[in-house]
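Colleague: Just a sequence and a predicted model for now, questions to come.
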Amino acid sequence: NSSSVEVSGCLIQKMDDYLTNPNAPNGSGIGVSTNSSNIKIFNNEVTKIGHTGIYIGESSNIEVYGNNIHSYIVWGMDIVANQGPLANIDVHDNNIHDLIEYEGYQPHMDYIIIRDHQDAPDVKGMSNVVVERNSFYNASPIALGGGATAFIYMTDRTSNVTVRNNIFYNSHAYSDIEVGWYASNVSILNNTIGGTVSMEGTNITAKNNILLAFTINKDHSTLSTFTLDNNLFVNGLYTDHDVTAFLSGGSLADSYPLAQWKSYGGGAYDQHSLYTLDPKFVSASDFHLQASSPAINAGANLSSSGFSIDKDAASRPSSGAWDIGAYEYSGSGGGSSDPTLPPSPLGSNIYISQSGAGSADASSCSNAKPVSFFDTAANWGSGASQIGPGETVHLCGTISSTLAVQGSGTSGNPITILFEPGAKLSKAAWGIDSASAIYSSGKSNIVIDGNGTGIIENTANGDQLSSKQASYGIYVTGCSAYEIKGLTI
């Protein structure tokens, strides 16, 4: 029964024993529950919660945007009609990434789960639930005994949901989007999807998507109510089969190449859809379109569906017809790499590993910058792409090069150097002064946080260490307001 509440600019993290055991099923970082209305949740970082990042239950007029939800979370968002209906839920421009599935733990991992918790005839219902312009990426591999399901999982009896202008990649899940049994009135429009879309139910629309394949449970669907067209299939395989056999890894029956699928049902589906081996993205991490992409001008005009912009909020169409996928071709060959972390008054995050990827976006350990980025003074400052006050630098994996701190934080906004789980600075023998594992001279407002698991170590045996070679794990000289914690050295 809350109303007119805003939650913004918060860092919500480290609930209970998040490293090994998720919380009870209703544990969440931010929760909106039962008959609440006019709530905004924006520009927060939610991490290491254990179970659910953001929970929304049986409420109306809820807007969730600009949040960074990641790491040690089973459900990024749980949107549920349990004690009552849901209405006017808008989830947009969030980054949900690098979630974890706890080994042997049920239920499955989902980046967003949307569900009507009641069985017929007690279905509570939902209306105008929109998921748009979000980035979903880097799901953990399916763990033994678990069951990663989807980036977006609309469970049985979900209804009146629109998913549009999102990007999905590196899922390690059974489907990138899963539409469950008895679902109805679901629209999947203009998404760029690195995997498959699994569908069953009634009145399902999928148009203008770039994807690998569809799977359709025809035994639990009213196929005559499906509207499927103007999609770009990257591998050209459209599969119509029992979802259980797919999930269990059994043989795929009733599989159709696109040309055959167009004849299925008397030519009812995907008459204007295309097949390609290469959708011509700008790069492996930038899903804007090149000028030669077959997705350009190949989409249907969906303005009657209530939107006329792309993931960048650029107008559709830019010229000619609509493009397929999350981005309209701008004529410049692309835009900034995806995903871009949302702005936050707490500062942003840059991930560092030994070799990195050089051109990576530095938004996760799998897309980290190399140590050389950290050690370059030009990369430190108050600019959007620089390490500065309020910034957190995440250390990933094993690093064997000295980390030379090149800048300072400010009072109340330190620069934090945070060891991710498993991270360590490891070398046969670190030196002294500027050859230490971490070196700082004349800097201030710095926090080095081992996170309880970080390690700085020498590994050599024999002459190097037995001759009492001088070796510093951390060397700080002429510095102030400096904190070192949570490390084993």
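Modeller: Yep, that arrived. Numbering: from 1, shown residues only.
Colleague: Just checking, which helix or strand of the protein averages the lowest pLDDT?
Modeller: Every helix and strand in the chain was compared by mean pLDDT, DSSP states H and E; the lowest is helix 243-247, with a mean of 27.
Colleague: which residues touch stretch 428-435?
Modeller: The contact list for stretch 428-435, computed with CB atoms under 8 Å, 6 or more residues apart in numbering, reads 402, 404, 436-437, 439, 441, 456, 458-460, 464-465, 469-473, 475, 477. (Glycine included, C-beta is placed from N, CA and C.)
Colleague: is it true that V186 touches T202?
Modeller: No. Using CB atoms under 8 Å, V186 makes no contact with T202, being 9.1 Å away.
Colleague: I113 - that's part of a helix, no?
Modeller: No. Using DSSP: H, G, I helix; E, B strand; the rest coil, the assignment for I113 is strand, not a helix.
Colleague: so what's it closest to, chain neighbours aside?
Modeller: Closest residue to I113 apart from its sequence neighbours, by CB to CB, 6 or more residues apart in numbering: Y153 at 4.8 Å.
Colleague: Which of the helices or strands spans the one you found?
Modeller: Taking DSSP states H and E as the definition, Y153 sits inside strand 150-154.
Colleague: gap between that strand and the chain center?
Modeller: Chain-centre distance of strand 150-154: 12 Å, with CA atoms, centre = their mean, to the nearest Å.
Colleague: Likewise for stretch 376-385?
Modeller: Centroid separation between stretch 376-385 and its chain, computed with CA atoms, centre = their mean, is 25 Å.
Colleague: For it, buried residues please.
Modeller: Residues of stretch 376-385 classed as buried: 379-380 (neighbour count, 16 or more other CB atoms under 10 Å).
Colleague: what do you get for stretch 198-214?
Modeller: For stretch 198-214, the neighbour count (16+ other CB under 10 Å) marks 198-202, 204-211, 213-214 as buried.
Colleague: model confidence over stretch 188-205, on average?
Modeller: Averaged across stretch 188-205, the pLDDT comes to 91.
Colleague: Kindly format the C-alpha coordinates of it as PDB.
Modeller: C-alpha atoms of stretch 188-205 as PDB (Å, rounded to 0.1, in the frame of the first residue of the first chain):
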ATOM      1  CA  ILE A 188       8.400 -10.000 -28.700                       C
ATOM      2  CA  LEU A 189       9.500  -7.200 -31.000                       C
ATOM      3  CA  ASN A 190      12.700  -5.800 -32.500                       C
ATOM      4  CA  ASN A 191      15.100  -7.600 -30.200                       C
ATOM      5  CA  THR A 192      18.600  -8.800 -31.000                       C
ATOM      6  CA  ILE A 193      18.900 -12.300 -29.500                       C
ATOM      7  CA  GLY A 194      22.000 -14.400 -29.400                       C
ATOM      8  CA  GLY A 195      20.100 -17.600 -28.800                       C
ATOM      9  CA  THR A 196      16.600 -19.100 -29.100                       C
ATOM     10  CA  VAL A 197      13.000 -18.000 -28.200                       C
ATOM     11  CA  SER A 198      10.800 -20.800 -26.800                       C
ATOM     12  CA  MET A 199       7.100 -20.200 -27.000                       C
ATOM     13  CA  GLU A 200       3.800 -21.800 -26.100                       C
ATOM     14  CA  GLY A 201       0.400 -20.300 -25.400                       C
ATOM     15  CA  THR A 202      -2.100 -18.200 -27.200                       C
ATOM     16  CA  ASN A 203      -1.900 -14.900 -29.100                       C
ATOM     17  CA  ILE A 204       1.900 -14.800 -29.300                       C
ATOM     18  CA  THR A 205       3.500 -12.200 -31.600                       C
END
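Colleague: Which other helices and strands does the longest strand along the chain contact?
Modeller: Secondary structure of the chain per DSSP state E: the longest strand is strand 444-458. Other helices and strands packing on strand 444-458, by 3 or more CB pairs under 8 Å, 6 or more residues apart in numbering; DSSP states H and E, are strand 415-419, strand 424-427, strand 438-441, strand 480-488.
Colleague: mind redoing it with 6 Å?
Modeller: For strand 444-458, the elements it packs on are strand 415-419, strand 424-427, strand 480-488, judged by 3 or more CB pairs under 6 Å, 6 or more residues apart in numbering; DSSP states H and E.
Colleague: Reformat those as JSON lines; add mean pLDDT, distance to V129 and mean neighbour count.
Modeller: Formatted as JSON lines, the helices and strands packed on strand 444-458 follow (pLDDT from 0 to 100; distance: least, CB to CB, whole Å; neighbours: other CB atoms under 10 Å):
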{"stretch": "strand 415-419", "mean pLDDT": "94", "distance to V129": "35", "mean neighbour count": "22"}
{"stretch": "strand 424-427", "mean pLDDT": "93", "distance to V129": "43", "mean neighbour count": "20"}
{"stretch": "strand 480-488", "mean pLDDT": "93", "distance to V129": "40", "mean neighbour count": "14"}
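Colleague: could you dump those to JSON lines with distance to S171?
Modeller: Output for the helices and strands packed on strand 444-458, formatted as JSON lines (distance: least, CB to CB, whole Å):
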{"stretch": "strand 415-419", "distance to S171": "26"}
{"stretch": "strand 424-427", "distance to S171": "29"}
{"stretch": "strand 480-488", "distance to S171": "32"}
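Colleague: Ok, which of those strands comes nearest I352?
Modeller: For I352, the closest of the helices and strands packed on strand 444-458 is strand 415-419, at 8.8 Å, according to CB to CB.
Colleague: partners of that closest one in the sheet?
Modeller: Paired strands of strand 415-419, with direction, are strand 392-395 (parallel), strand 444-458 (parallel) (DSSP bridges).
Colleague: what does stretch 205-212 contact?
Modeller: The contact list for stretch 205-212 (CB atoms under 6 Å, 6 or more residues apart in numbering) reads 187-193, 195-197, 227-232, 234-235, 279, 299-300, 324-325.
Colleague: Go again with 7 Å.
Modeller: The contact list for stretch 205-212 (CB atoms under 7 Å, 6 or more residues apart in numbering) reads 187-193, 195-197, 227-235, 279, 295, 299-300, 302, 322, 324-325.
Colleague: just stretch 267-284 next, same as before
Modeller: With CB under 7 Å, 6+ apart as the contact definition, stretch 267-284 has outside contacts at 210, 226, 228-234, 236, 258, 261-262, 287-290, 292-295, 298, 333-334.
Colleague: Off-centre distance for it?
Modeller: 24 Å.
Colleague: first to last residue in it, what's the distance?
Modeller: Chord length of stretch 267-284, first to last residue, is 34 Å (CA to CA, to the nearest Å).
Colleague: Could I get the average pLDDT for that stretch?
Modeller: In this model, stretch 267-284 has an average pLDDT of 88.
Colleague: Please apply the same query to stretch 31-41.
Modeller: Mean predicted lDDT for stretch 31-41 stands at 93.
Colleague: Next, the buried residues of that stretch.
Modeller: 32-33, 36-37, 39-41.
Colleague: Counting only helices, which of the contacts of stretch 267-284 make the cut?
Modeller: Those of the contacts of stretch 267-284 mapping onto helices are 258, 261, per DSSP state H.
Colleague: Give me the buried subset of the contacts of stretch 267-284.
Modeller: Buried members of the contacts of stretch 267-284, counted by 16+ other CB under 10 Å: 210, 226, 228-234, 236, 258, 261-262, 287-290, 293-295, 298, 334.
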